[in-house]
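Novice: Build the 3D model from these lines:
(6 chains)
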4 protein chains.
Amino acid sequence: MKEVVKDPKKEKKILETSTKLFGQYGYRETKTDQIAEEAGVSKGLLFHYYGNKGALYQATYVYASEFFYQRIDYSVWTKASDLLEMVVDATKYKIELQLTYPHEFDFLMKAYAEMPLLPESLKEAMTARLNADVHHNLTLTDEVISKLPLRPDVQESDVLETIYAVLTSETTKIQQELAQHPEWKTIEDLMPVIDRMKRKLKILEYGFIEH
Amino acid sequence: MKEVVKDPKKEKKILETSTKLFGQYGYRETKTDQIAEEAGVSKGLLFHYYGNKGALYQATYVYASEFFYQRIDYSVWTKASDLLEMVVDATKYKIELQLTYPHEFDFLMKAYAEMPLLPESLKEAMTARLNADVHHNLTLTDEVISKLPLRPDVQESDVLETIYAVLTSETTKIQQELAQHPEWKTIEDLMPVIDRMKRKLKILEYGFIEH
Amino acid sequence: MKEVVKDPKKEKKILETSTKLFGQYGYRETKTDQIAEEAGVSKGLLFHYYGNKGALYQATYVYASEFFYQRIDYSVWTKASDLLEMVVDATKYKIELQLTYPHEFDFLMKAYAEMPLLPESLKEAMTARLNADVHHNLTLTDEVISKLPLRPDVQESDVLETIYAVLTSETTKIQQELAQHPEWKTIEDLMPVIDRMKRKLKILEYGFIEH
Amino acid sequence: MKEVVKDPKKEKKILETSTKLFGQYGYRETKTDQIAEEAGVSKGLLFHYYGNKGALYQATYVYASEFFYQRIDYSVWTKASDLLEMVVDATKYKIELQLTYPHEFDFLMKAYAEMPLLPESLKEAMTARLNADVHHNLTLTDEVISKLPLRPDVQESDVLETIYAVLTSETTKIQQELAQHPEWKTIEDLMPVIDRMKRKLKILEYGFIEH
DNA sequence: AATGAATGAGCGTTCATTCAT
DNA sequence: AATGAATGAACGCTCATTCAT
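Specialist: Numbers count the residues shown, from 1 in each chain, chains lettered A, B, ... in the order given. The predicted structure follows:
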């Protein structure tokens, strides 16, 4: 495939628009007409730049994921020695990014969720991309876990998966709460949910049963 | 919308078929043509009965969710005093139902996953329905939790949600494993995954930190 | 491919229209919109009946070729013992059919001519069909030739090909003359061109060199 | 249309390329993008020089037909007194030209074949051009015929057309054989087909009927 | 004169929905 | 009540043509 020269301004406008629309309506429900109109370019240009809708979707993923992860300060993860500290810092950080760049965040969330419903060939292409990124994501938490003093009768993999389950669930919950409370604009507004996450992680560390 | 008189046999056939097809391919990829043909009725009847495709999808949801929950033996939950016992029994039970009624189960799973991807108006209608049912689901576990001796410094709601997070995650994992191992046909084949769930619940109960 | 039930009247109207338009403008230049409109049906019906444009083209070929060859009185060929008689009778007959059914005739002519310019898959499908029909056509002339007393120093295949070349060329010439003289409506109007063909065949039989 | 000043080198490159591509793929299947790229000029220049695709096609025809006929050594025709000699020499000569300049030759062949399939306005323009050239072609053979001793009962025009029919048919046959045998590179490889042509011309001269 | 990025009308095709029977 | 033939709006995509530079 020949690489087409793209006007950086138009490319940016297109990808911002497609990020927003794909993130809002998903792949199938987002129409190329709508993207072109909202981005202020012709439909022809979309296809001139990306060849087809599926490739535009993938380009949008690359854009959103680079956009997002370029802004990550990895020291948040690496400098933590304590799980609680790391997770809380990371979550705060993530939420801040999400509040600042909601479209990019929503797109990434939706891309992950709608993967199994994508047309076959696009699904395959996206699976490859997402697997790489998910793996990249996991390893950060991984390192911290390996430093923690675990009880001798638990398996590290079980602990890791359990923590991951709670984080995933909490993240989803926070997404929903953010959607329901568009008035939350700063990290302070989110202290209650951060605290809730802390409490849950403590349950994981110390158990909930009295003994 | 006027309520139409429906031939019970045809209605059943339609809903069984739509359950299977929507569950397999999702809303957009399932064609009304295909449902009508496989159900052995005319496409006209589909629209005569349900008005439009979205309403058929909702009716399918009502059917599948009633189908499924009608068959639940609630004593599995209520007679348990021990969390581990309850969860394991409930999970075994759930898996048995899933193995027995895969179409209904798959539909419910897919309905939950594809909700944000539905056309706008259908999405709203489905969101309302699903929220109600998720709530219903939680309360069962709730009763058992309230009987457990909790540490004084933890909140019951946090514990409940944490357990729920782990169960949800584990359920998803099991779905994937079931999809990858179609040869698992009895509950015995699933003992390893049940055991893994047990270990994770124990982590929740007693914590993973050595102290 | 499921065979769709077709309304005979609409099918006829569609095929008559597609015969006319494909015959006039060729495959690429004929638009499905135009066929639908001129046939008085929706564009959807075209695709419901034939699946795609290429299949409609093939169906049109089958229609035109059956239409045409069903009306052929084969006795014209078989009862002739003399080449001249046979060719003249056959040509008269062909021209009469052409004057009566110009659209079907034109379509067939154009289908043959535009074959190499068709999209690849359609070309293959059409090649198979046309080869069968051309072969069918040739064999009729063949039989008569074999009955003629040939000079010992000529090869039958050379004679056959030479006759065929003259007939083809004459047929093409007649097509053009017919196109230029829409006022020719009966076989009588064509006696001059028939006579010209006779004279040419006589040249073939007896040579043009004085000796 | 204002006549634009054209860079001779670019014009040549464009026409060589369009000759090759139109000859290979035909009018509709040849894209202006492709011509521009292969000719090493911008697409804009194509339209600057020729206004539209149809005009470029016509310019290509003028180029190819002038290219071809400029290289004809007319003495091949004029110096022959014997029909057989003339035709064989001319045919050899033609084939040599075709082997030397295949693109120009192919374009001319395809242009002739696809004329009725061109968009309406282009078709009219091309028809006019081609008719003129075909006439030009005939007159050469004409001179030789007029020198031959014809039987008193044949018309010169009939003889001429009959010869022409056989030559046309034979030429087409040779084209196909050349396409199937790319290994034929010299005139010697073509002696069998030249001989076949000789035999057919003899049939024309002396007839095939024994008497 | 020359570029090539950008356009948009137009194409073949899909499929939920309608409606005469 | 039930059919299924028929519809047509909507879609993704193509490509000759335009025009700012």
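
Novice: Report the distance from the helix or strand harbouring A:A55 to the chain centre.
Specialist: For A:A55, the element it lies in under DSSP states H and E is helix A:53-70. In terms of Cα atoms, centre = their mean, to the nearest Å, the centre of helix A:53-70 is found 12 Å from the chain centre.

Novice: okay, the angle between the strand or helix carrying A:H103 and helix B:102-114?
Specialist: Using DSSP H and E, A:H103 maps to helix A:102-114. Relative orientation of helix A:102-114 and helix B:102-114, computed by axes from the mean of the first three to the mean of the last three Cα atoms, to 10 degrees: 170 degrees.

Novice: Whether the helix holding A:A55 contacts DNA strand F - can you check?
Specialist: Yes. Using Cβ under 7 Å from any atom of the strand, helix A:53-70 reaches DNA strand F at A:53-54. Glycine gets a C-beta too; all of them are placed from N, C-alpha and C.

Novice: by how many degrees do that helix and helix A:102-114 diverge?
Specialist: Using the same axes, to 10 degrees: helix A:53-70 against helix A:102-114 is 120 degrees.

Novice: wait, does helix A:53-70 contact chain B?
Specialist: No. If you take Cβ under 8 Å from any Cβ of the partner chain as the test, helix A:53-70 misses chain B, and the best it gets is 13.3 Å.

Novice: mean confidence score for that helix?
Specialist: The pLDDT scores in helix A:53-70 average 93.

Novice: tell me which residues of that helix are tucked away?
Specialist: By 16 or more other Cβ atoms under 10 Å in any protein chain shown, the buried positions in helix A:53-70 come out as A:53-61, A:63-65, A:67-68.

Novice: for A:A113, what are its contacts?
Specialist: Shown in contact with A:A113 (Cβ atoms under 8 Å, 6 or more residues apart in numbering or on different chains): B:113, B:116-117.

Novice: How about A:D133?
Specialist: Contacts of A:D133 by Cβ under 8 Å, 6+ apart are A:65, A:69.

Novice: all helices of chain A, in order?
Specialist: Secondary structure of chain A (DSSP state H): helices at A:8-29, A:32-39, A:43-50, A:53-70, A:75-78, A:83-100, A:102-114, A:120-147, A:156-180, A:191-206.

Novice: could I get those helices as a markdown table with distance to B:E183?
Specialist: Putting the helices of chain A into a markdown table (distance: least, Cβ to Cβ, whole Å) gives the following:
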| stretch | distance to B:E183 |
| --- | --- |
| helix A:8-29 | 33 |
| helix A:32-39 | 43 |
| helix A:43-50 | 42 |
| helix A:53-70 | 34 |
| helix A:75-78 | 40 |
| helix A:83-100 | 38 |
| helix A:102-114 | 29 |
| helix A:120-147 | 24 |
| helix A:156-180 | 24 |
| helix A:191-206 | 34 |
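
Novice: Out of those helices, the one nearest D:Y49 is which?
Specialist: In terms of Cβ to Cβ, the element of the helices of chain A nearest to D:Y49 is helix A:43-50, at 23.4 Å.

Novice: Next, the angle from that closest one to helix A:32-39.
Specialist: Put simply, helix A:43-50 runs at 100 degrees to helix A:32-39, going by the same axes, to 10 degrees.

Novice: List the buried residues of helix A:43-50.
Specialist: Buried residues in helix A:43-50, defined by neighbour count with 16+ other Cβ under 10 Å: A:45-46, A:49-50.

Novice: Give me the residue ranges of chain A where confidence is low.
Specialist: Where chain A drops to pLDDT under 70, the residues are A:1-2, A:135-141, A:211.

Novice: how far away is the residue nearest to A:A80 when sequence neighbours are not counted from DNA strand E?
Specialist: Closest residue to A:A80 apart from its sequence neighbours, by Cβ to Cβ, 6 or more residues apart in numbering or on different chains: A:M86 at 3.3 Å. Taking Cβ to the nearest atom of the strand, to the nearest Å as the measure, A:M86 falls 44 Å from DNA strand E.

Novice: again with A:L45
Specialist: For A:L45, the distance to DNA strand E equals 4 Å [Cβ to the nearest atom of the strand].

Novice: Same check on A:F22?
Specialist: 20 Å.

Novice: And A:I145, by the same measure?
Specialist: According to Cβ to the nearest atom of the strand, A:I145 stands 46 Å off from DNA strand E.

Novice: what does A:Y25 give?
Specialist: Separation of A:Y25 from DNA strand E (Cβ to the nearest atom of the strand) stands at 16 Å.

Novice: Could I get the contacting residues of that residue?
Specialist: Counting by Cβ under 8 Å, 6+ apart, A:Y25 has contacts B:117, B:120.

Novice: ditto for A:F67
Specialist: For A:F67, the contacting residues are A:101, A:104, by Cβ under 8 Å, 6+ apart.

Novice: Also the one 5 residues further on?
Specialist: Listed by Cβ under 8 Å, 6+ apart, the contact set of A:I72 reads A:93, A:97.

Novice: Any chance of the backbone angles for it?
Specialist: Backbone dihedrals for A:I72, given as degrees, to the nearest 10, come out at phi -80, psi 130.

Novice: Contacts made by stretch A:202-211 with the rest, please.
Specialist: By Cβ under 8 Å, 6+ apart, stretch A:202-211 touches A:83-84, A:162-163, A:166, B:148-152, B:154, B:158-159, B:162, B:203-209, B:211.

Novice: can you give me how far that stretch is from the chain middle?
Specialist: The answer for stretch A:202-211 is 30 Å, by Cα atoms, centre = their mean.

Novice: can you check stretch A:115-130 too?
Specialist: Computed by Cα atoms, centre = their mean, the chain-centroid distance of stretch A:115-130 equals 16 Å.

Novice: next one: stretch A:47-60
Specialist: 21 Å.

Novice: Contacts (any at all) between DNA strand E and that stretch?
Specialist: Yes. Using Cβ under 7 Å from any atom of the strand, stretch A:47-60 reaches DNA strand E at A:47-49.

Novice: so, in contact with chain D or not, that stretch?
Specialist: No. Judged by Cβ under 8 Å from any Cβ, stretch A:47-60 stays clear of chain D, getting no closer than 11.1 Å.

Novice: can you list contacts of that stretch?
Specialist: The contact list for stretch A:47-60, computed with Cβ under 8 Å, 6+ apart, reads A:1, A:4, A:6, A:11, A:14-15, A:18-19, A:22, A:27, A:32, A:35, A:46, A:107, A:119, A:121-122, A:125-126, A:129.

Novice: Pull out the buried residues from those residues.
Specialist: Buried among the contacts of stretch A:47-60 by 16+ other Cβ under 10 Å: A:11, A:14-15, A:18-19, A:22, A:27, A:32, A:35, A:46, A:107, A:122, A:125-126.

Novice: Let's have the contacts of A:A113 in a markdown table, adding distance to B:T78.
Specialist: Below are the contacts of A:A113 laid out as a markdown table (distance: Cβ to Cβ, whole Å):
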| residue | distance to B:T78 |
| --- | --- |
| B:A113 | 30 |
| B:P116 | 34 |
| B:L117 | 36 |
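
Novice: Out of the residues you listed, which is nearest to chain A?
Specialist: B:L117 (4.0 Å; Cβ to the nearest Cβ).

Novice: Hmm, that closest one is touching A:M115, no?
Specialist: No. Contact criterion Cβ atoms under 8 Å: B:L117 and A:M115 do not qualify, at 10.8 Å.

Novice: Only the C-alpha atoms, please, for stretch A:4-17, written as CSV.
Specialist: The C-alpha coordinates for stretch A:4-17 follow below in CSV (Å, rounded to 0.1, in the frame of the first residue of the first chain):
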residue,chain,number,x,y,z
VAL,A,4,-0.3,8.9,0.9
VAL,A,5,0.9,12.3,1.9
LYS,A,6,-1.5,13.7,4.5
ASP,A,7,-2.2,17.3,5.5
PRO,A,8,-1.3,17.2,9.3
LYS,A,9,-4.1,19.5,10.2
LYS,A,10,-6.7,17.5,8.3
GLU,A,11,-5.3,14.2,9.5
LYS,A,12,-5.6,15.4,13.1
LYS,A,13,-9.1,16.7,12.6
ILE,A,14,-10.2,13.4,11.0
LEU,A,15,-8.6,11.3,13.8
GLU,A,16,-10.1,13.4,16.5
THR,A,17,-13.5,13.1,14.9
